[in-house]
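Trainee: Give the three-dimensional model of this entry:
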Amino acid sequence: MADTPPESAAKKEKPPALEDKPFAEFIDAHFIPALTQSLTEKGLTDLSLQFTQQPLPTQREACWQVKATWQQGQRSFLVGFPEESISGIKVFACADGNTKPTDLEAFLSDERKITLDLLVFGVLRRLNGQKWLGLN
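Mentor: You can find the predicted model right below:
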């Protein structure tokens with residue numbers, strides 16, 4: 001008689017990674033809360049983040065984007081997802097002085113695997129490059 005392992009000892013199936021969830025669910029349930037927490041920890045107090053679909057600056061076609069404002073609307077940025085995917089093309093734009101962004105920059109275009117932590121880190125790195133996140 002051959003011994004067979006009990007079913008409970010069988011390898012359990014791992015739940016899907018956060019990044020494998022549907023795009024809108026990932027952005028709403030994971031990216032926005034994680035980004036809000038990170039930016040709040042960096043001292044942004046009147047932060048407003050929204051997930052919306054509208055044309056990007058200098059573009060006519062609508063695409064999904066996460067838009068943020070703070071300092072009573074004086075500073076803003078957006079992360080755009082033209083392909084409705086975190087692993088597809090992403091763009092970043094920022095503006096100061098209650099103006100609209102005029103330039104779109106490629107965002108995390110060299111990365112092979114996009115994760116929640118990498119997306120948040122990328123935004124923090126861009127804002128830090130603007131010297132908007134404290135002294136650096």
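Trainee: Tell me which residues of the lengthiest helix in the chain come out buried.
Mentor: Secondary structure of the chain per DSSP state H: the longest helix is helix 116-129. Counting neighbours by 16 or more other Cβ atoms under 10 Å, one finds that the buried residues in helix 116-129 are 116, 119-120, 122-124, 126-127. C-beta: built from backbone N, CA, C; applies to glycine.
Trainee: Now name the helix or strand holding Ala100.
Mentor: Not quite, residue 100 is Lys, not Ala. Following DSSP states H and E, there is no helix or strand that holds Lys100.
Trainee: need the contact list for the nearest residue to Gln50 once chain neighbours are set aside.
Mentor: Spatial nearest neighbour of Gln50, excluding adjacent residues (Cβ to Cβ, 6 or more residues apart in numbering): Lys67 at 5.4 Å. Neighbouring residues of Lys67 by Cβ atoms under 8 Å, 6 or more residues apart in numbering: 49-50, 52, 76-78.
Trainee: again, only this time at 7 Å
Mentor: Going by Cβ atoms under 7 Å, 6 or more residues apart in numbering, Lys67 touches 50, 52, 76, 78.
Trainee: quick one: least confident of those?
Mentor: Sorting the contacts of Lys67 by pLDDT puts Ser76 at the bottom of the list (88).
Trainee: quick one: the residue nearest to it when sequence neighbours are not counted from Ile114, how far?
Mentor: Spatially, and ignoring its direct neighbours in sequence, Ser76 is nearest to Thr69 (4.5 Å; Cβ to Cβ, 6+ apart). Computed as Cβ to Cβ, to the nearest Å, the Thr69 to Ile114 distance reads 24 Å.
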